[in-house]
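Peer 1: A predicted structure for the sequence below; I have some questions about it.
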Amino acid sequence: MAKKQKRKQQQKLQRALQKRTQRKKKLVQRAIHESASERPASMLRRAREFPFLGAWVQRDWQQYGIASMIVARTQPDDNITFGRFLVDTFCVGLKDTFYGVNVEPNQFHNDALPRLYQGEPPISVSVELAHEIIYGAIEFAEAIGFRPHRLFNRTRNILDTADAQPRSGVIEFGHGGVPTYVPAPGDNQRMVLNRLVENVGIGNFNYVPAGEPPEGFEELFQQNAQAQGQPPIPASPIWTPEQQAAQGDVDSDSGLWVPNQQTDAPAETSSVEEAEQQPERSALWVPGT
């Protein structure tokens, strides 16, 4: 009789422990969900604790020098935190960036990715390559006077630190290693050209106008040439296929993004001037945008 009562007490204790364990699990899951859904900024700050889900970029990004990069991580609740990084590998570095948190896997793969790549399937790349492209372009641009987009101080949490991932060393920045400025719609071209002339020097960068060049830009080059003690520039500094073919270093079929190829290049969402001067805006991605 005593053994039977003891066995019942043990079973009762086990059931109580199981219920307590289940309650704790529910409380933890609720805390994770509430933390994720109510405080996206807090979730972003914790992003480096989450494992990488993957990285994506559009096809032919090297041809045009514009990489629209997505890097994603899996949250503890299996939802996704991701960052989008629009990178100019030819000249100005990180042009635009934003992030999304608490994105359901189905929504990420079937809505966010297709929308961000305008219906064109991106290619999956290694996380190491994604870091090399993003950080390499930022470092190249900083060396010639261009800072990354101001919201990078947030979205960088989705990446590892700059030296955490190995680099192959085969990714080229600039066009043939030379800073090559191809304006995006809305860019303050004069500001960019001024900075290139000041930090790189005339003759040490390429300029490929998209549309009309800024008014008075030829005078800008002449004035800076004189200030640097150089002779007046006899020819236009605008890049043309004929000019490059004559120089023998880049031919007209090189794939460089020239004006008549703009429609084939990925759309850009932010200008260089906007990245430095626009008022504060939310960097958080929301469905349907």
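Peer 2: Yep, it's here.

Peer 1: now the lengthiest strand in the chain: mean pLDDT?
Peer 2: The longest strand of the chain (DSSP state E) is strand 93-103. Strand 93-103 shows a mean pLDDT of 94.

Peer 1: helix or strand with the lowest mean pLDDT in this protein?
Peer 2: helix 241-247 (a mean of 42; mean pLDDT, DSSP states H and E).

Peer 1: what residues sit buried inside stretch 140-148?
Peer 2: F140, A141, I144, F146, P148 (16 or more other Cβ atoms under 10 Å). Heads up, the C-betas are built off the backbone N, CA and C, glycines and all.

Peer 1: show me where the stretch 1-150 of the chain has helices.
Peer 2: 2-38, 40-45, 61-64, 105-107, 113-116, 127-143 (DSSP state H, counting those that start in this stretch).

Peer 1: I'd like the average pLDDT over the third one.
Peer 2: So the one you mean is helix 61-64. 87.

Peer 1: G100 touches F82, doesn't it?
Peer 2: Yes. Between G100 and F82 there is a contact under Cβ atoms under 8 Å: 5.2 Å.

Peer 1: how is R156 assigned, secondary-structure-wise?
Peer 2: Recorded secondary structure, R156: helix (DSSP: H, G, I helix; E, B strand; the rest coil).

Peer 1: what ranges of the stretch 1-150 of the chain fall below the confidence cut-off?
Peer 2: 1-4, 6, 26-38 (pLDDT under 70).

Peer 1: got JSON lines for the buried residues of stretch 140-148, with distance to G174 too?
Peer 2: Output for these, formatted as JSON lines (distance: Cβ to Cβ, whole Å):
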{"residue": "F140", "distance to G174": "7"}
{"residue": "A141", "distance to G174": "10"}
{"residue": "I144", "distance to G174": "9"}
{"residue": "F146", "distance to G174": "12"}
{"residue": "P148", "distance to G174": "17"}
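
Peer 1: touching, P183 and Q189? I think so.
Peer 2: Yes. The criterion here is Cβ under 8 Å, and P183 meets it with Q189 at 5.0 Å.

Peer 1: what's the overlap in contacts for these two?
Peer 2: Listed as contacting both P183 and Q189 by Cβ atoms under 8 Å, 6 or more residues apart in numbering are P209.

Peer 1: excluding chain neighbours, what is closest to Y181?
Peer 2: C91 (4.6 Å; Cβ to Cβ, 6 or more residues apart in numbering).

Peer 1: try A164
Peer 2: A164 sits nearest to H131 (Cβ to Cβ, 6+ apart), 7.5 Å away.

Peer 1: distance of the one you found from I80?
Peer 2: 18 Å (Cβ to Cβ, to the nearest Å).

Peer 1: thinking again about what came up before, for the longest strand of the chain, name the packing helices and strands.
Peer 2: helix 2-38, helix 40-45, strand 80-88, helix 127-143, helix 152-155, helix 272-277 (3 or more Cβ pairs under 8 Å, 6 or more residues apart in numbering; DSSP states H and E).

Peer 1: out of these, deepest packed?
Peer 2: strand 80-88 (a mean of 25; mean count of other Cβ atoms under 10 Å).

Peer 1: out of the helices of the stretch 1-150 of the chain, which is closest to E172?
Peer 2: helix 61-64 (8.0 Å; Cβ to Cβ).

Peer 1: now name the helix or strand holding the closest residue to Y135 other than its chain neighbours.
Peer 2: Counting by Cβ to Cβ, 6+ apart, Y135 lies nearest to A162, which is 4.7 Å off, once chain neighbours are set aside. Secondary structure assignment for A162, by DSSP states H and E: no helix or strand.
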